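Participant: Sequence and computational prediction follow.
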Amino acid sequence: MAITSRAPAPGGGGAVPPAGGPASPPDGPPGRSTAWAEGVERLREAATTEPGRLRIIGAALAALIVLFGTVSVWEISGRTTAADDVVGRSQPLSADAASIYRSLADADTTSSSGFLLGAQEPREVRQRYEKDIANASKLLVSAAANTGGNEDSREQIALLSEQLPRYTGLIEQARATNRQGLPLGGAYLRYANEQMTTQLLPAAQRLYEAETGRLYKDYDDARSWPLASLGAGLLAVAGLVWAQRRNYRHTNRVFNHGLLAATAASVVVLLWLAVGHTVARSSLSEARADGQESMKVLNDARIASLQARAGENLTLIARGAVLAEDKKSDKYDVDFTNNMQQLDSGLAIALRLADDEAGRGPVSRAVDGVVQWKQRHTAAREADLKGDYEAALPQVVGDAKHKESSGAAFDTVDASLEQAVAHEQQEFTRAARDGIGATGGLVTGSAILVVIGAGAALLGIGRRLSEYR
């Protein structure tokens, strides 16, 4: 049979589909809803029935309670760590930095006292100097190991470690030359004192400031309010109260035991968190105000007394060879006067900060010692200005006939300030540990109570759902 072909329609390039044939396919693939859209649609459909609404409410309540617990554990853990750092790391490092400064200043003072005593330098004076240098060296090693990534502190530690051997070398030169009776020993001692006051002590001061700055940062971190936890807790409690009110309106039942237990657990955690942090914050504030601030003032006062004593000794050693900026006054006597003014001011502040008799007693003794020191220094200075060095010297360093020397008064001041610092350190440690104890068990307790609360909320909602089966 012959096959005939139909001619293409005019103006077309292909066959014309028969009438009634299949429709042409759409331009693109059929649209598909996303998983998110499907989830939202299912949630919307579930919300149209009471069982569906109860399931949504139960999931939301459990999520709020778990969020509350998670944020609480996170924030309290951070604040507890910061409080632990205050007691166990930053405050000891700050105290060590202050001890480095004090040891260096005491070494400088003791070396000048030993120089004045010459060949008759008592062994205890030499041992005190060596103890100061050994203590400073040991604390520098400890600070280098524990200061962490604090670049400022590491820079000052490196400078101190480099300069301290140079200072001790100059002191040995001065000591050896002085024993030979050569006047060059005084020049060595003055140069060593200049290195101490222009390089070592400023570096120690910067180290102390850096470590104290880190201490105050840890204070602030430990004392900051856990606002996210408190907000999440209030939101969770508000949600639970709303759910119980809704339950009452729908069933006329006053209590749902599961929701009630969840509310109780959440309220306990919220109150524990608020009260515990308030007590911890108060204790840490007390540690800072009554302990750390007092220690800072006392340390500054003690350093001023040491520098005043060094200036008093160097006034006799230099014998007017070094002038102050006015080119008329003795530099070391001017330094003594300035340091004694700082000492007076520091003791007045320390006496005001002392909050008990155990703290006020040593400071009061230091104040009395300063009064005696000034009187004896004035008498010695008058003798020195008259050119009677032999009469001035025993009034400063003491001897068998001059038991009540300015040096003896300085020793009273120094011992009293050391006792006051030790007392304030105990006060700081006690208050800071009270602060840590106020949040003790809060992390573990809140985690357990939150799990109980979330489970109780789900059980309470599940009890309502069972009524629809």
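Facilitator: That came in fine, so what should we check first?

Participant: and stretch 379-389, average pLDDT?
Facilitator: Averaged over stretch 379-389, pLDDT sits at 87.

Participant: got the buried residues for that stretch?
Facilitator: Neighbour-count burial for stretch 379-389, with 16 or more other C-beta atoms under 10 Å as criterion, is recorded at 379-381, 383-384. Every C-beta, even on glycine, is put in place using the N, C-alpha and C of the backbone.

Participant: With distance to residue 416 and secondary structure as new columns, can these be given to me in a markdown table?
Facilitator: As requested, these are arranged in a markdown table below (distance: C-beta to C-beta, whole Å; DSSP: H, G, I helix; E, B strand; the rest coil):
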| residue | distance to residue 416 | secondary structure |
| --- | --- | --- |
| 379 | 22 | helix |
| 380 | 21 | helix |
| 381 | 24 | helix |
| 383 | 27 | helix |
| 384 | 27 | helix |
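
Participant: All the helices of the stretch 101-250 of the chain, in order from the start?
Facilitator: Counting by DSSP state H, counting those that start in this stretch, residue ranges of the helices within the stretch 101-250 of the chain are 123-146, 151-179, 184-195, 201-223, 227-251.

Participant: now for the last one, which elements pack on it?
Facilitator: Here helix 227-251 touches helix 50-85, helix 257-286, helix 442-466, going by 3 or more C-beta pairs under 8 Å, 6 or more residues apart in numbering; DSSP states H and E.

Participant: got a markdown table for these, with distance to residue 129 and mean pLDDT too?
Facilitator: Shown next, in a markdown table, are the helices and strands packed on helix 227-251 (distance: least, C-beta to C-beta, whole Å; pLDDT from 0 to 100):
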| stretch | distance to residue 129 | mean pLDDT |
| --- | --- | --- |
| helix 50-85 | 35 | 88 |
| helix 257-286 | 38 | 90 |
| helix 442-466 | 49 | 86 |
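
Participant: could I get those helices as JSON lines with mean neighbour count and distance to residue 334?
Facilitator: As requested, the helices and strands packed on helix 227-251 are exported to JSON lines (neighbours: other C-beta atoms under 10 Å; distance: least, C-beta to C-beta, whole Å):
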{"stretch": "helix 50-85", "mean neighbour count": "19", "distance to residue 334": "42"}
{"stretch": "helix 257-286", "mean neighbour count": "20", "distance to residue 334": "40"}
{"stretch": "helix 442-466", "mean neighbour count": "19", "distance to residue 334": "56"}
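
Participant: right, and the ones you listed - which one's nearest residue 177?
Facilitator: Between residue 177 and these, the tightest spacing by C-beta to C-beta is seen for helix 50-85, at 48.1 Å.

Participant: now the angle from the closest one to helix 201-223?
Facilitator: What separates the directions of helix 50-85 and helix 201-223 is an angle of 160 degrees, with axes from the mean of the first three to the mean of the last three C-alpha atoms, to 10 degrees.

Participant: Tell me which other helices or strands helix 50-85 touches.
Facilitator: Packed against helix 50-85 by the contact rule (3+ C-beta pairs under 8 Å, 6+ apart) you find helix 35-46, helix 201-223, helix 227-251, helix 257-286, helix 406-438, helix 442-466.

Participant: picking that back up, quick check: of the buried residues of stretch 379-389, which lies closest to residue 129?
Facilitator: The shortest gap between residue 129 and any of these belongs to residue 380, at 22.2 Å (C-beta to C-beta).

Participant: hmm, back to that, right, and the helices and strands packed on helix 50-85 - which one's nearest residue 142?
Facilitator: helix 201-223 (11.8 Å).

Participant: average model confidence for that closest one?
Facilitator: Averaged across helix 201-223, the pLDDT comes to 89.

Participant: quick one: which of the helices of the stretch 101-250 of the chain is nearest residue 279?
Facilitator: Minimum separation from residue 279 across these (C-beta to C-beta) falls at helix 201-223, 11.6 Å.

Participant: one step back: rebuild the helices of the stretch 101-250 of the chain as TSV, extending it with mean neighbour count.
Facilitator: Conversion of these to TSV gives the following (neighbours: other C-beta atoms under 10 Å):
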stretch	mean neighbour count
helix 123-146	16
helix 151-179	18
helix 184-195	20
helix 201-223	20
helix 227-251	17
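
Participant: Out of those helices, which gets nearest to residue 291?
Facilitator: Distance to residue 291, taken as C-beta to C-beta, is lowest for helix 201-223 among the helices of the stretch 101-250 of the chain, at 11.2 Å.

Participant: tell me the angle that closest one makes with helix 151-179.
Facilitator: Angle of helix 201-223 versus helix 151-179, following the same axes, to 10 degrees, is 150 degrees.

Participant: For helix 201-223, name the packing helices and strands.
Facilitator: Applying 3+ C-beta pairs under 8 Å, 6+ apart, one finds that helix 201-223 makes contact with helix 50-85, helix 91-117, helix 151-179, helix 257-286.

Participant: Relative to residue 227, how far out is the closest residue to residue 78 other than its chain neighbours?
Facilitator: Ranked by C-beta to C-beta, 6 or more residues apart in numbering and with sequence neighbours excluded, the top spatial neighbour of residue 78 is residue 221, at 7.1 Å. Applying C-beta to C-beta, to the nearest Å, one obtains 14 Å for the distance of residue 221 from residue 227.

Participant: intersection of neighbour lists for these two?
Facilitator: Between them, residue 221 and residue 227 share no contacting residue under C-beta atoms under 8 Å, 6 or more residues apart in numbering.

Participant: before we move on, back to that, kindly reformat the helices and strands packed on helix 227-251 as TSV and extend each row with distance to residue 169.
Facilitator: Converted to TSV, these look like this (distance: least, C-beta to C-beta, whole Å):
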stretch	distance to residue 169
helix 50-85	38
helix 257-286	44
helix 442-466	54
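
Participant: Point to the residue nearest the middle of the protein.
Facilitator: The residue lying closest to the centre of the chain (C-alpha atoms, centre = their mean) is residue 215, at 2.0 Å.

Participant: which one of the helices and strands packed on helix 201-223 lies closest to residue 348?
Facilitator: helix 91-117 (20.1 Å).

Participant: wait, what's in contact with the closest residue to residue 436 other than its chain neighbours?
Facilitator: Taking C-beta to C-beta, 6+ apart as the measure, residue 436 lies nearest to residue 83, with 4.9 Å between them; neighbours along the chain are not counted. When contacts are counted by C-beta under 8 Å, 6+ apart, residue 83 is found next to 218, 222, 280, 284, 432, 435-436, 439.

Participant: Same check on residue 259?
Facilitator: Shown here is residue 259, whose contacts under the criterion C-beta under 8 Å, 6+ apart are 61, 240, 243-244, 247, 456-457, 460-461.

Participant: what about 10 Å?
Facilitator: Remark: with contacts taken as C-beta atoms under 10 Å, 6 or more residues apart in numbering, residue 259 is in contact with 57-58, 61, 240-241, 243-244, 246-247, 453, 456-457, 459-461, 463-464.

Participant: What of residue 213?
Facilitator: The neighbours of residue 213, taking C-beta under 10 Å, 6+ apart as the test, are 90, 94, 150, 152-153.
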